[in-house]
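> give me the fold of what follows.
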Amino acid sequence: MKPTPETPPPKDINRAIVLRPLASAQESVRDGEARLLEAVGLAQALGLDVAAAEAAPLRQISPRTYFGSGRVERLKDQTEELGAGVVVIDGALSPVQQRNLETDIGSKVIDRTGLILEIFGLRAKTKEGKLQVELARQGYERSRLVRTWTHLERQRGGLGKTGGPGETQIELDRRIIADRIIRLKRELEDVRRTRGLQRRARSRAGLPAVVLVGYTNAGKSTLFNRLTQAGVLAKDMLFATLDPTARQVKLPSGRAVIMSDTVGFISDLPHELVESFRATLEAVTEADLLIHVRDISHPDTDKQKADVLAVLSQLAKDAGGKSPPVLEAWNKIDLLDEATRAGRMRRASVAAEGGGQGALPPVAISAETGEGMDALLAVIDRAAFSATRVITLTLSPDDAGRLRAQIASAGRILEESSDDAGAITLRAELLVEDAARFAPLEPLPEEIRPAAE
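Next comes the predicted model:
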């Protein structure tokens with residue numbers, strides 16, 4: 001039957017209303033609008049048709065429904081008018097608030113954490129990615145069993161006990177989820193050990209690890225494809241890339257690094273995701289160099305930078321304070337007009353001059369057009385190997401075999417030759433501390449190897 005003016009259209013589970021709670025005391029209207037646009041992007045990344053989006057002022061949070069009764073009533077009318085089967089709340093809802101909103105509005109309600117988890121579930125392709133997403137989802141759902149099993153709360157009676165099938169089912173489901181979480185963590189621990197072995201093998205081969213980090217949709221995957229021809233998914237959408245990918249990249253000096261693409265960061269990154277993706281995010285703290293890819297054309301690029309640095313700081317804290325050097329790649333300069341671009345370049349120059357000795361200057365690039373790639377690779381070449389020295393050693397016949405094996409294990413042998421007596425002369429690239437360990441065999445080590453020869 002066709003809808004009449006008095007009969008609202010049926011609700012479409014793929015049509016959504018997006019609401020960004022705006023607490024005036026905590027964020028400005030401009031900030032709320034920017035976050036609203038991001039929330040709309042998240043909904044669209046999940047394939048939802050956003051019928052309406054609004055930044056909603058919030059005087060105080062209602063324990064029952066998060067919003068006040070007037071806003072809830074307007075939401076109900078709006079979902080009926082637009083036929084929206086989903087309401088996305090760009091905030092953190094308690095299980096009770098989520099359940100009550102669904103009951104009062106008559107549509108499915110999903111909060112920011114649930115939305116990001118849904119996107120991650122859609123994007124994960126590898127076994128590791130699926131394990132990490134499932135672990136995050138199980139942790140999220142464990143607190144929401146009250147919503148899942150409310151239909152069983154009425155099934156009481158039978159033997160006159162205070163409990164009943166509903167409570168039994170909830171406890172059973174909690175136990176199932178707890179067991180599942182334990183198994184997933186065990187499997188991910190195996191992944192973590194495997195990744196550690198791979199990193200150590202690359203280190204023994206003398207290949208520094210360079211990891212791309214940045215806000216979601218900053219252009220990391222486009223840059224990764226440009227440098228490695230890896231062909232990973234690169235789309236203009238949030239969280240287009242989830243599964244980590246690593247490839248070897250040749251540098252101007254002829255040396256190589258292992259470059260990895262990672263999942264994008266985002267403001268208020270759900271705690272469940274940070275915990276679940278620990279095995280993947282370890283690559284960040286174990287890297288020799290981080291490339292912070294920034295969308296320099298974005299109006300909130302500085303705030304996005306702050307969000308990324310906050311996540312990096314937390315990861316470094318969890319790793320015992322270990323923090324690799326960071327090189328900023330200012331991406332998407334092709335989207336700037338000439339005046340804005342000139343201003344950004346002046347900022348890069350000032351940042352380089354004010355960064356102090358050893359600071360890495362920002363590099364302006366366009367991963368889409370290829371502009372600035374040579375400059376970026378040259379800086380990566382210098383930075384990734386800045387903690388190494390090239391030394392020349394002559395090993396006596398008695399110790400040649402043993403010491404050569406130690407040097408090959410610690411770094412990379414570049415050249416070697418032997419004389420008739422069995423002595424070995426070699427040039428090796430070693431970490432500064434390893435070069436110092438072998439220093440008694442050589443009066444002075446060479447200078448840090450230049451980026452290009």
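> show me the shaky parts of the stretch 351-453 of the chain.
Across the stretch 351-453 of the chain, the ranges flagged by pLDDT under 70 are 351-359, 387-389, 432-433, 436, 439-453.
> mind running it again at 50?
For the stretch 351-453 of the chain, the stretches with pLDDT under 50 are 356-358, 440-453.
> any chance you could map the strands in it?
363-364, 388-395, 412-418, 424-431 (DSSP state E, counting those that start in this stretch).
> nearest to residue 218, of those strands?
strand 363-364 (13.9 Å; Cβ to Cβ). In this view, the C-beta of every residue, glycine as well, is placed from N, C-alpha and C.
> what is that closest one packed up against?
Other helices and strands packing on strand 363-364, by 3 or more Cβ pairs under 8 Å, 6 or more residues apart in numbering; DSSP states H and E, are strand 326-331, helix 338-354, helix 373-384.
> which residues does the first one contact?
Spelled out, that is strand 326-331. 218-219, 222-223, 289-296, 312, 344, 348, 351, 360, 362-367, 376, 379-380, 383 (Cβ atoms under 8 Å, 6 or more residues apart in numbering).
> same thing but 6 Å
The set of residues external to strand 326-331 that reach it, using Cβ atoms under 6 Å, 6 or more residues apart in numbering, is 219, 290-296, 360, 362-365, 367, 376, 383.
> of all the residues you listed, which two lie farthest apart?
Farthest apart among those - using Cβ to Cβ - are 295 and 383, which lie 21.5 Å from each other.
> average pLDDT for the strand or helix carrying residue 170?
Here residue 170 sits within helix 165-204, counting by DSSP states H and E. Mean per-residue pLDDT for helix 165-204: 74.
> sorry, back to before: need the helices and strands packed on strand 363-364 in CSV (columns: mean neighbour count and distance to residue 191).
Compiled in CSV, the helices and strands packed on strand 363-364 are given as follows (neighbours: other Cβ atoms under 10 Å; distance: least, Cβ to Cβ, whole Å):
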stretch, mean neighbour count, distance to residue 191
strand 326-331, 23, 26
helix 338-354, 12, 37
helix 373-384, 20, 25
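> residue 427 is nearest to which of those?
That would be helix 373-384 among those, by Cβ to Cβ, at 18.1 Å.
> got the angle for that closest one vs strand 326-331?
On the basis of axes from the mean of the first three to the mean of the last three Cα atoms, to 10 degrees, helix 373-384 is oriented at 170 degrees to strand 326-331.
> how far does helix 373-384 sit from the chain's center?
Centroid separation for helix 373-384 versus its chain: 23 Å, with Cα atoms, centre = their mean, to the nearest Å.
> got a list of contacts for that helix?
208, 210, 251-253, 257, 288-289, 327, 329, 360, 363, 365, 451.
> tell me the one among the residues you listed nearest to residue 303.
Taking Cβ to Cβ as the measure, residue 303 lies nearest residue 329 of those, at 17.9 Å.
> next, find the distance separating the closest one from residue 140.
To residue 140, residue 329 is 33 Å away according to Cβ to Cβ, to the nearest Å.
> return the distance of the closest residue to residue 417 other than its chain neighbours relative to residue 402.
Nearest non-adjacent residue to residue 417, counting by Cβ to Cβ, 6 or more residues apart in numbering: residue 425, 5.3 Å away. In this view, residue 425 and residue 402 are 16 Å apart by Cβ to Cβ.
> of the two, who's got more company?
Neighbour count, other Cβ atoms under 10 Å: between residue 425 and residue 402, residue 425 has more, with 14 against 10.
> the more buried one is in contact with residue 419, isn't it?
No. Applying Cβ atoms under 6 Å, one finds residue 425 not in contact with residue 419, separated by 7.6 Å.
> which strand runs longest in the protein?
strand 12-22 (DSSP state E).
> partners of it in the sheet?
Counting by DSSP bridges, the strands paired with strand 12-22 are strand 49-57 (parallel), strand 84-89 (parallel).
> can you flag the weakest of these by average pLDDT?
Among the strands paired with strand 12-22, strand 49-57 scores lowest, at a mean of 90.
> so who does residue 223 touch?
293, 367.
> give me the phi and psi angles of it.
Note on residue 223: backbone dihedrals following degrees, to the nearest 10 are phi -70, psi -40.
> next one: the closest residue in space to residue 78 that isn't next to it in sequence relative to residue 69, how far apart?
Distances taken as Cβ to Cβ, 6+ apart place residue 17 nearest to residue 78, at 6.0 Å, with adjacent residues excluded. When Cβ to Cβ is the yardstick, residue 17 and residue 69 sit 18 Å from each other.
> also residue 411?
68 Å.
> quick one, which of these two is more surrounded?
Higher neighbour count among residue 411 and residue 69: residue 411, with 23 against 11, using other Cβ under 10 Å.
> ok, now which ones touch the more buried one?
206, 428, 429, 430, 434.
> out of those, who's nearest residue 192?
Once Cβ to Cβ is applied, the member of these that ends up nearest residue 192 is residue 206, at 23.6 Å.
> walk me through the domains of the protein.
12-119, 124-187, 206-384, 388-441 (automatic domain parsing).
> nearest to residue 124, of the strands paired with strand 12-22?
strand 84-89 (20.6 Å).
> distance from that closest one to the middle of the chain?
Distance, centroid of strand 84-89 to centroid of chain: 26 Å (Cα atoms, centre = their mean).
> swap in stretch 68-75?
So, by Cα atoms, centre = their mean, the centroid of stretch 68-75 is 35 Å from its chain's centroid.
> average pLDDT across that stretch?
93.
> buried set for it?
68, 71, 72, 75 (16 or more other Cβ atoms under 10 Å).
> let's verify residue 290: helix, strand, or coil?
When classified by DSSP: H, G, I helix; E, B strand; the rest coil, residue 290 comes out as strand.
> is it true that it touches residue 213?
Yes. Using Cβ under 6 Å, residue 290 makes contact with residue 213 at a distance of 5.4 Å.
> about what we covered before: same list (the contacts of residue 411) but as CSV, adding neighbour count.
Formatted as CSV, these follow (neighbours: other Cβ atoms under 10 Å):
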residue, neighbour count
206, 20
428, 25
429, 22
430, 23
434, 19
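> helices of the stretch 201-350 of the chain, residue ranges please.
Applying DSSP state H, counting those that start in this stretch to the stretch 201-350 of the chain gives helices spanning 220-228, 271-276, 278-285, 301-318, 338-354.
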